[in-house]
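Attaching a predicted model along with its sequence, questions to come.
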Amino acid sequence: MRIIRAPAMNDPRPYEPASIETKWQQTWEAAKAYKVRDDLPREKCYYVLEMFPYPSGKLHMGHVRNYSIGDAVARYKRMRGLHVLHPMGWDSFGLPAEQAAIERGAHPAKWTYENIAYMRGQLKRMGFSYDWTREFACSDPGYAAREQDIFIDLVEKGLVYRKSSLVNWSTGLNCVLANEQVVDGKCWRTGMPVVQKELPQWYLRITSYADELLAQLDALKGSWPDAVLTQQRNWLGRSEGAEIDFAVDGHPEAKITVFTTRPDTVFGVTFMSIAPEHRLVDAIVPASHRAAVEAFRAEVRAVSAQERMGDTAEKKGVFTGAYAVNPVNGRKVPIYAANFVVADYGTGAVMAVPAHDTRDFAFARKYGIDIITVIQATDAKHPEWMKLQAGEDAYTEAGVLTASAQFDGRPSEDAKREITAWLESTGKGRKVVTWRLRDWCLSRQRYWGNPIPYAYTDKLGAVPLRKQDLPVTLPQDVVFDGKGNPIERHPTWAVTAKDGSPLTVRGQDGPEAARRETDTMDTFMESSWYFARYTCHDNTAADLGCAAPLDRKRVDHWLPVDLYIGGIEHAVMHLLYARFFQKALCDVGYSAKREPFKRLLCQGMVCMETLFREKPGEKKQYFYPDEVDVERDAKGRVITAVAKSDGQPVQIGRVEKMSKSKRNTVDPQALIEQYGADSARLFVLSNVPPELDVVWSEDGIRGSHRYLKRLWVLVTDNAERLRGVAPYSGKAAEVAGADQAVVRKVHAVIKRCTDALEKDFAFNTAVAQCMELTNELKPDALRPDVLKLGLSTLVRLIAPMSPHIAEELWELLGGTGGVTAAGWPAFDESEIAGDSVEYPVQANGKVRGKIVLSRSLAGKDLEAAVLASDVVKAATEGKTIKKLVIVPGKIINLVVG
RNA sequence: GUGUCCGUAGCCCAAUCUGGCAGAGGCGCCACGCUCAGAACGUGGAUGAUGGAGGUUCGAGUCCUCCCGGGCACACCA
């Protein structure tokens, strides 16, 4: 049994995070401390937003980090006197809810809203300063209804269309995926294979905004991470070139248009590659080659998208038996159906110039096709050029044209323009720009999403619903058995109007019986405008179908978001869709701000060491940390690790992103219970800058907790006697010794903290500064007013990171009105440096000693004082000074010989 | 392969933008204090060719060039 010593009379109150944190959370809630108004001057306002979570059940460490960063910024900005909009909500449509319904029988809505309730409680327990009055979930009827209104606006603007096309069909989800959701040919969510399937789908015309989406990336440089800008640029994939029309020999009605970025090489075309699915293939293939082409097409189709896209796939083709005629020189070239030609990029056909394209070169070699050089390198020693001379590889760089009729001798860049112009003038080609970006496929054959507000009739086809007939709400009585789309199988929903009567749409001769669209929208739709909705979440009239989705005045007051924080995994999908959507919202009249996020911060992952055993031919067996004993040497390096269960060795693996499957996770709830929210928040902000990965360790969080305890003891030990003392507010020079050092330190630390937060949100260095100041504050050595200055500064500096303890200590020190209202402490640059400077003295770059001189010394006086010093005399003994470098306030360097 | 970021103590990182004594902070380690002992706490301490080679400079972790190593992104896109 443990013997617990009774506390002595003057023992300070112990640090009990749970009670302090609950107390202040209740205080903030009761005071609606973080509710923000919409009618204050914008320059006094700040909008900080973290990517809202999918309500999967409970918070994970990634959330804790993301939201701790955002909250620290929000609290810091408030202390700087700004009115901060800091909202939170739920990205609550999506597949896991349906998965849960299938597995556990709970309705997706029930499961989702129970999760939201639990996670909201966790966020509140973390003490995040959200304006909870603006909270909403995307699956709330109000939000989904507003989204349908916007959808109809987009329809009227011509941004929505339906087309039948090959789509990515996830065999795991029985559902269509966007290109971005296909990773290495597999479903990004389930990892199951993705196959191509022909289906009619709804699309949003994001490609109409391609130019603007690209152009405005330049303006985001410096405010968004380069990695994100690059990824978006790659994704948009703008490519400038020419389309050239080739006639087909013996088929005067047929014409194959190719797209090329190298019109300067057109005289070197020796064959053409065409996508096997190209619509002209059947028309031009002679009977003699039909069987071979059909077989090839079947073979290509059988190969999964994954293999076809990967660079391991062999480049293959089959001669179609047809010939194309090169419009510039009349040369007849064979047409090959090739597996590497993508049907829906460019024109689905490529002119092949083996001399100047690596892939064409390999293909020509394989099938024995001619190689004609039409570009000459200007540098005869160019390695690629020498390879072409040796018949080893193509020369793909720019050069000078040859064997190109009237263009001989022209440089590539000029020839591109001139040849394109010539083709244009003869009607055989034209300058074009193509994009890698495709339109956004919106349809999902799923239940738990927002219904697409369309209906179909036999006569009219697809008809958008009128706004007064909205919203379309999901049927409640559906069956989840994992076999396809539950809405589609509902007996009456698709043909029943809001009021229960049979669904009709208005036709020319009166109402016509109609059937609803049963597809729901991609959930990236909801996350494309939620940041705008936070500014006016209450814009909801009694009749849901009639209120405007957004209040333009408030949207434009708050947007763009000043700081948006989230994971880099959203670099393309979410962030590109949201940028597009904001522009579309502008064009339907809901905003004038064309970019949604002014600054973007992508925080790193929370990682942890993995522990595993591996046997040949078996999957890795992972261990939880508490199942393993680790032994370290004197330097802290790991010597051995063994499992507690059997004493056998365990391997220590890489530090990897926390995941359940690797058993390297930590439950934030347990951290809160053991150490408190303040310690958890401080830990995820310490040690590394926000954009780097942070490695979780038990020792690490104990370190953060230990620091808060030290701060607690330091303040509570002295609070009583300091309560009535005013913090020292005079000059540093007016006090002496340790007091003066502390006053200077206070100014220096405030400056460094402020710089760290203003420049890069470098909370790690801000925390370090707080610790440094704490280490300097020795109560017994300081005047009470100087100590009070130090403590009251410290408490305010730590407040954005660990707000509960800061509030409590602020109150104990006699502060009123809360630590936020107290404001961020100010500093005076001139108070940081002392009157004297300790100059290091270097001789030929090596430090020989130090001399202390008055800061006010300058010019000849300073030089004289330096030369007179013992250190300089000793260093120059018997040598001559060739050069004397004196940097006032910094250093002295002697060049001697 | 191309682009980009990075490489500082046993580990995570400051200092790099704006050149000036290599170290703010944390973890780990060691010693001492406290303790019957440990934990906790406190006090103190050790640890480096700043990945390598050149260059610029009075002076380079910092700027320039090349190389090595690593991360991330892109990579049949015509």
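Ah, there it is.

ok, the closest residue in space to A:R65 that isn't next to it in sequence - contacts?
Counting by Cβ to Cβ, 6 or more residues apart in numbering, A:R65 lies nearest to A:V684, which is 4.3 Å off, once chain neighbours are set aside. From N, CA and C alone the C-beta is placed, and that goes for glycine too. Each residue near A:V684 by Cβ atoms under 8 Å, 6 or more residues apart in numbering is listed here: A:61, A:64-65, A:68-69, A:606, A:694.

try it again with 7 Å
Contacts here follow Cβ atoms under 7 Å, 6 or more residues apart in numbering; on that basis A:V684 touches A:64-65, A:68, A:694.

Let's see which of those end up in strands.
Per DSSP state E, strands hold the following members of the contacts of A:V684: A:V694.

hang on, the earlier thing: does any bit of the helix or strand containing the residue nearest to A:R65 sit next to RNA strand B?
Counting by DSSP states H and E, the element that carries A:V684 is helix A:677-685. No - shown here: helix A:677-685 not in contact with RNA strand B (Cβ under 7 Å from any atom of the strand), separated by at least 8.5 Å.

related to what we said a few turns ago, what separation do you get for the residue nearest to A:R65 and RNA strand B?
From A:V684 over to RNA strand B the distance is 12 Å, taken as Cβ to the nearest atom of the strand, to the nearest Å.

And for A:T716?
A:T716 sits 13 Å away from RNA strand B, going by Cβ to the nearest atom of the strand.

Just the pLDDT for that residue.
At A:T716, the model reports a pLDDT of 91.

repeat for the one 4 residues further on
pLDDT, A:E720: 88.

Pretty sure A:L503 sits against A:R516.
Yes - using Cβ atoms under 7 Å, A:L503 is in contact with A:R516, at 6.4 Å.

Between the two, which contacts overlap?
Common contacts of A:L503 and A:R516, defined by Cβ under 7 Å, 6+ apart, comprise A:A455.

for the stretch 101-250 of chain A, what spans make up the strands?
A:160-170, A:175-177, A:182-183, A:186-187, A:194-204, A:239-248 (DSSP state E, counting those that start in this stretch).

possible to save those as JSON lines with distance to A:K124 and mean pLDDT?
As requested, those are exported to JSON lines (distance: least, Cβ to Cβ, whole Å; pLDDT from 0 to 100):
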{"stretch": "strand A:160-170", "distance to A:K124": "36", "mean pLDDT": "83"}
{"stretch": "strand A:175-177", "distance to A:K124": "35", "mean pLDDT": "71"}
{"stretch": "strand A:182-183", "distance to A:K124": "35", "mean pLDDT": "66"}
{"stretch": "strand A:186-187", "distance to A:K124": "35", "mean pLDDT": "70"}
{"stretch": "strand A:194-204", "distance to A:K124": "36", "mean pLDDT": "83"}
{"stretch": "strand A:239-248", "distance to A:K124": "50", "mean pLDDT": "93"}
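
out of these, which comes closest to A:T716?
Nearest of these to A:T716, taken as Cβ to Cβ: strand A:182-183 at 53.0 Å.

buried sites along stretch A:435-444?
Buried residues in stretch A:435-444, defined by neighbour count with 16 or more other Cβ atoms under 10 Å: A:435, A:437-444.

same check, this time on stretch A:255-273
Judged by neighbour count (16+ other Cβ under 10 Å), stretch A:255-273 contains these buried residues: A:256-260, A:262-273.

Likewise for stretch A:147-157?
Neighbour-count burial for stretch A:147-157 flags A:147-155 (criterion: 16+ other Cβ under 10 Å).

List the residues that contact A:P327.
With contact taken as Cβ under 7 Å, 6+ apart, A:P327 is in contact with A:244-246, A:428.

and it, what pLDDT?
95.

how about the residues of the stretch 401-550 of chain A near RNA strand B?
By Cβ under 7 Å from any atom of the strand, the residues of the stretch 401-550 of chain A that approach RNA strand B are A:434, A:436.

What ranges does the stretch 401-550 of chain A have for its strands?
Counting by DSSP E, counting those that start in this stretch, the strands of the stretch 401-550 of chain A are A:429-434, A:440-441, A:443-444, A:454-457, A:461-464, A:504-507, A:510-513, A:515-516, A:520-521.

what would those look like in a markdown table with distance to A:R120 and mean pLDDT?
Below are the strands of the stretch 401-550 of chain A laid out as a markdown table (distance: least, Cβ to Cβ, whole Å; pLDDT from 0 to 100):
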| stretch | distance to A:R120 | mean pLDDT |
| --- | --- | --- |
| strand A:429-434 | 47 | 92 |
| strand A:440-441 | 31 | 89 |
| strand A:443-444 | 27 | 88 |
| strand A:454-457 | 34 | 94 |
| strand A:461-464 | 36 | 92 |
| strand A:504-507 | 40 | 86 |
| strand A:510-513 | 44 | 88 |
| strand A:515-516 | 33 | 94 |
| strand A:520-521 | 25 | 94 |
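
of all those, which lies closest to A:A738?
Nearest to A:A738 among the strands of the stretch 401-550 of chain A is strand A:440-441 (64.6 Å), distances taken as Cβ to Cβ.

For the helix holding A:V684, output the C-alpha coordinates as PDB.
Taking C-alpha atoms only, helix A:677-685 is exported to PDB below (Å, rounded to 0.1, in the frame of the first residue of the first chain):
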ATOM      1  CA  ALA A 677      -6.600  18.800 -23.000                       C
ATOM      2  CA  ASP A 678      -4.000  21.500 -22.400                       C
ATOM      3  CA  SER A 679      -1.200  19.000 -22.400                       C
ATOM      4  CA  ALA A 680      -2.400  17.200 -25.500                       C
ATOM      5  CA  ARG A 681      -2.800  20.500 -27.300                       C
ATOM      6  CA  LEU A 682       0.600  21.700 -26.200                       C
ATOM      7  CA  PHE A 683       2.300  18.400 -27.300                       C
ATOM      8  CA  VAL A 684       0.900  18.400 -30.800                       C
ATOM      9  CA  LEU A 685       2.100  22.000 -31.200                       C
END
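
Beyond the helix or strand of chain A with the lowest mean pLDDT, next helix or strand please.
One helix or strand of chain A scores below all others by mean pLDDT, DSSP states H and E: helix A:305-309, with a mean of 50. Later in the chain than helix A:305-309, the nearest helix or strand by DSSP H and E is strand A:317-325.

Identify each buried residue in that following strand, please.
Quick answer for strand A:317-325 (16+ other Cβ under 10 Å): A:317-325.

One more: stretch A:748-760?
For stretch A:748-760, by 16+ other Cβ under 10 Å, it's A:748-754, A:756-757.

what residues does it touch?
For stretch A:748-760, contacts defined as Cβ under 7 Å, 6+ apart pick out A:76, A:689, A:762, A:765-766, A:769, A:772-773, A:793, A:797, A:825, A:827, A:829, A:832.

out of those, who's near RNA strand B?
Residues shared between the contacts of stretch A:748-760 and the neighbourhood of RNA strand B are A:689, A:762, A:765, A:769, A:772 [Cβ under 7 Å from any atom of the strand].

Narrow the residues you listed to those that are buried.
Looking at these with 16+ other Cβ under 10 Å, the buried ones turn out to be A:689, A:762, A:765, A:769.

Save these as CSV, and put in pLDDT too.
Listed next are those as CSV, based on pLDDT from 0 to 100:
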residue, pLDDT
A:P689, 91
A:A762, 92
A:T765, 92
A:Q769, 94
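
Adding secondary structure, write those residues out as CSV.
Shown next, in CSV, are these (DSSP: H, G, I helix; E, B strand; the rest coil):
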residue, secondary structure
A:P689, coil
A:A762, coil
A:T765, helix
A:Q769, helix
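
what's the closest of these to A:P17?
A:Q769 (22.7 Å).

who's in contact with A:R783?
The neighbours of A:R783, taking Cβ under 7 Å, 6+ apart as the test, are A:728, A:735, A:739.

can you pick the most crowded of these?
For those, neighbours were counted by other Cβ atoms under 10 Å; the highest total belongs to A:Y728, with 22 neighbours.
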